[in-house]
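**Student:** got a predicted structure here, sequence first:
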Amino acid sequence: YYVKLQSVDTLAVRGVTIFKNLAFNHGHVAARCRAAILDMINREREGNEIDQGLLRGVVDMLFDLGNASRSNSPADAQGTSSSSANASTNRPTLGAAPSQANDELSTLWVYQQELVEYLLPETARFYERQAKVWLVNDSLPEYLIKTESALMAEQRRVESYLHPSSMQKIKDVVIKATLTNTMSQTLEKDTNITWMLDNDRREDLSRLWRMFGLVNNGLTPIAASFKQYVQDLGNSVVDALLEQLRALGPQPSPQAKAEILSDPTFVQKLIDMHDRFKTIVAECFQSDGLFQKSLKEAFETFINRDLGRFSIAAMMSSFCDRVLRRGGEKRSEEQVDALMSKLVDLFSFLTDKDVFAEIYRNQLAKRLLYDTSASDEAEKNVIQKLKMKCGAQFTSKLEGMITDISLASDMQKQFREYLSHRDSQADYGNIDFSVTVLTTGFWPTYHVSQGAVVASSRLAVASLDVDGLHHPIDSVVLPMPMTRCLNVFTDFYNGRTQHRKLSWIHTLGQAVVGARFGARKHDLNCSTLQALILLLFNNPTAHGGDSEGWISFHDIHAATGCGDDSLCKKLLATLSIARYKVLEKSGSNPRIIDVEEKFRVNPKFSCPQRKIKIPPPAQDETHKAERVQEDRSISIEAAIVRIMKTRKTCSHQQLVSEVLKQLSFFKPNPKVIKQRIEHLIEREYLERDENQPNVYRYLA
C-alpha cells in the first residue's frame, strides 16, 4: 500500500537498482563481466563445454537491470557513475534508460547495450578467422557444411541462453563473415557448382542454394553458372549431331535423311537431360524462379540452333511419331503418357513451334489414315498437352482431324447400311470398299486425282480389297470397277449433304490385292497406286504388253497415270527392287529403274506368309517450308491489324515490338514484319503519317 501510495519502487526493484549502482557500475565490473561472457561463448564455438546455466543467469541479470532502469526516473539516476566502458564509448549510463513505449524493448536496454553490441563484432571477428581457415583447408561442400553448422549452432546458442531478439542479428553477422565476404573465393573453388553437377552431388547443391539464398543477390552468380553448365552440355549434344549430319555430305539421300529423323537417340538425350535438370531445380533449388528461368533460357539457346537441312522441330515430331505409331517399342499407356509429357516440356522451348505443328500434322494424318496409331487415347492426350502449352488455336486442326476419323467410322456404318438396300455387287463387282471423308481445312494439303490442290471441299480417301480384276483400262487412272465404287459412294454422300464437293485422294488410298504365284495365294497390302500397277498384269496385252507378260515402263506410266516419271519409278522400285519382288524387271542393274525397261509378274517370287505388306515408296519431306511461310505471313498481318485497330496510331519500333510479343508460335525477323507492314499499306489497311513517316495510322 505504501509503494502504490507514494509511487516508489518495490523492495525488489530498489535492491536491483542498488546492486546496479554499487556493484555492476562500479569500476570495471561490467566490462569484466562482458569479457567473461564473450570468452565463454567463443570457447563454446571452438567446441569446448561451458556452463550454460551460468550464462543464462548472467543474461537474466541483465534483463533485471533493464527492468530496474525502466522503473527509475531520470532524477533517481542522477549522480550515478557510468562504467568505464560506457565512458570510453560515449554511451548513456545504465541508469538513463531510453524512453520507450514498448516494455520489452525497455527491459532489453541493458542486455542490448552491455552484451549484444559487443557480441556482434566479436562474432564477426571469430567467423572471419574461421572462414580464412576453411577456405584454405576445405572444399566448397565442406565449407558450406561448416557454415550451415555454425548457423545452426548460433541458433541453439540463442535459444539456450540469449534473447530471441538477438537471433537474426547474429545470423546476419555469420552470413556476412562466411558467405557474403567470401562469395567470390568460394564460388571459384574447383569443387564449385560445376563439379557438383558433374558428380550429381544433389545434397551439396541443396545446401549451396540454402546458404547463398541467405545472401542478398547471392543466388544470381550460381544461377548464371547453372545456366552456362546446362547450355554447354546441350551444345555438346547438338555439336555431336552436327558432326553426324556433316558426314552425310551436302546432298544426303532421302533414305539417309529419314534415318536421321527417325533415330530417337538425339531427342531422347535432350529429354533425359531436361528431366535431370528439371528434377534438380525442383528438388535442390526448390523450384526457385531464378533457376527455372536459367534452365529455360539455356535450353532455348541450343534447342533452336540451325541444323541446316534438318531441324530439331522435325526430329521432335518424328520422335512423337515413333512413340505413337503401332509396332514400335513396347510401352504401357502410362509410360507413353509420361514420355509425351516430357517431350511436350521440351517442345515448349522451340521458337518455331509452327514448324513442329505442320510436321506433326502430316505425321498424325498418316497415322490416322493408315490406322497405325498405337492408341487413340494416346493421340488425344498428346493433343491435350499441346493445347495446355499453346492454346486452342494451336491444336484446332489436330482436334479436327481426330474428329474426322471418328465421324468417318460412323459414316462407313451408314454407307454399309446404304449398300444393303441396293444391288452393290452389280455396281462394282467383288470389291470390299471403304471411304474416309476428311475436312479440307483440318488436314495437310493433298493433291487430288486430277492433280489439282483442293481448295474448299471434302477429301475422300478410298481403301479397297481387290480380287481378280480382269478389265481393260482406258485413259482414266482407275479401272471401271474402282470408278463404280467411287460413283456409288458419291451418290450416297450427295444424298446426305448439299453444296459440298468430294475430291478423291488416291495417293493416300490403300488396297489389298489378291494374287496367285504358282500354287500359293497371297494378299498384297499396298497403296492404291501400287495396286493400279499390279492390276495391269492381269491382262498385259490389253496394256501394250507382249505374249510373255512384259509391259514397258512407258505403257505402265500411261495406263495408270501415276504422276511424273519419278513417282512411277519409285512405285516400280517398291515392286521389283525392294524386299518383296513381286515384279521382275528386264534391266541388268538391280538397283535402278530405267524408263526403257520392261516388267512382268515374277515367276520365281515366293514368300512363306500369306499376307504381305508392301512398303510404299520413300516420300519426300511432307513438311513444306513454303506453307509454313504463308501461314506466318497471315499470322503477322493479323497481329499487325489487331494492334493497329486498338491503337489507331503506332510508331514502327513499337509496332514491331508488340507484334513479337503477340506471336508465340514463332519469332519472325523484324525485316519480315516490315515487309508485311508494307504489304498492308499497299492493301490500304494502314497508311504512313504525313509528318512522321515512322508512324503508321490504321484505316478503318
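**Tutor:** Received the coordinates, thanks.

**Student:** now do the buried residues in stretch 375-388.
**Tutor:** Across stretch 375-388, burial judged by 16 or more other CB atoms under 10 Å covers 378-379, 381-383, 385-387. In short, each C-beta sits where N, CA and C put it, glycine included.

**Student:** from those residues, which land in helices?
**Tutor:** In this view, the buried residues of stretch 375-388 that belong to helices under DSSP state H are 378-379, 381-383, 385-387.

**Student:** let's have those residues in CSV, adding pLDDT and distance to Gln414.
**Tutor:** As requested, these are exported to CSV (pLDDT from 0 to 100; distance: CB to CB, whole Å):
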residue, pLDDT, distance to Gln414
Ala378, 94, 28
Glu379, 95, 24
Asn381, 96, 29
Val382, 96, 30
Ile383, 96, 26
Lys385, 95, 33
Leu386, 95, 32
Lys387, 94, 30
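
**Student:** possible to save those residues as CSV with distance to Asp631?
**Tutor:** Listed next are these as CSV, based on distance: CB to CB, whole Å:
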residue, distance to Asp631
Ala378, 27
Glu379, 23
Asn381, 25
Val382, 21
Ile383, 19
Lys385, 22
Leu386, 17
Lys387, 18
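
**Student:** what's the farthest-apart pair in these?
**Tutor:** The span of these, defined through CB to CB, is set by Ala378 and Lys387 at 14.9 Å.

**Student:** what segments of the protein are strands?
**Tutor:** Taking DSSP state E, the strands of the chain run over residues 431-439, 458-467, 502-504, 510-517, 520-527, 551-552, 583-585, 598-601, 611-613, 649-651, 686-688, 695-698.

**Student:** out of these, flag the one nearest Phe277.
**Tutor:** Among the strands of the chain, strand 649-651 sits nearest to Phe277 (CB to CB), with 40.2 Å.

**Student:** among the ones in helices among the buried residues of stretch 375-388, which one sits closest to Ala573?
**Tutor:** For those, the residue nearest Ala573 by CB to CB is Glu379; the value is 31.7 Å.

**Student:** ok, the closest residue in space to the closest one that isn't next to it in sequence - contacts?
**Tutor:** Closest residue to Glu379 apart from its sequence neighbours, by CB to CB, 6 or more residues apart in numbering: Ser373 at 5.5 Å. Counting by CB atoms under 8 Å, 6 or more residues apart in numbering, Ser373 touches 324-326, 367, 379.

**Student:** please name the bridge partners of Ser373.
**Tutor:** Note on Ser373: beta-bridge partners by DSSP bridges are Arg325.

**Student:** which among the buried residues of stretch 375-388 gets closest to Leu350?
**Tutor:** Leu386 (11.5 Å).

**Student:** ok, the closest one - contacts?
**Tutor:** Contacts for Leu386 (CB under 8 Å, 6+ apart) come out as 344, 347, 394-395, 398.

**Student:** output those residues as CSV; include the columns pLDDT and neighbour count.
**Tutor:** Listed next are these as CSV, based on pLDDT from 0 to 100; neighbours: other CB atoms under 10 Å:
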residue, pLDDT, neighbour count
Val344, 95, 19
Phe347, 94, 23
Phe394, 90, 18
Thr395, 93, 22
Leu398, 94, 22
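
**Student:** measure Val237 to His274 for me?
**Tutor:** From Val237 across to His274, the span is 11 Å (CB to CB, to the nearest Å).

**Student:** which one of those two has more residues nearby?
**Tutor:** Remark: of Val237 and His274, His274 carries more neighbours, 22 against 15, as counted by other CB atoms under 10 Å.

**Student:** and the more buried one, what does it touch?
**Tutor:** Neighbour list for His274: 295, 299, 342, 345-346 [criterion: CB under 8 Å, 6+ apart].

**Student:** how about a cut-off of 7 Å?
**Tutor:** Counting by CB atoms under 7 Å, 6 or more residues apart in numbering, His274 touches 299, 342, 345-346.

**Student:** and if you look at Tyr698?
**Tutor:** Residues near Tyr698 by CB under 7 Å, 6+ apart: 644-645, 648, 686.

**Student:** next one: Asn691
**Tutor:** By CB under 7 Å, 6+ apart, Asn691 has no neighbours at all.

**Student:** give me the below-cutoff pLDDT ranges for this protein.
**Tutor:** Scanning the chain for pLDDT under 70 picks out 1-27, 29, 66-107, 423-431, 446-477, 618-625, 700.

**Student:** domain ranges for it?
**Tutor:** Following automatic domain parsing, one finds the domains of the chain at 1-181, 219-406, 408-508, 510-613, 625-698.
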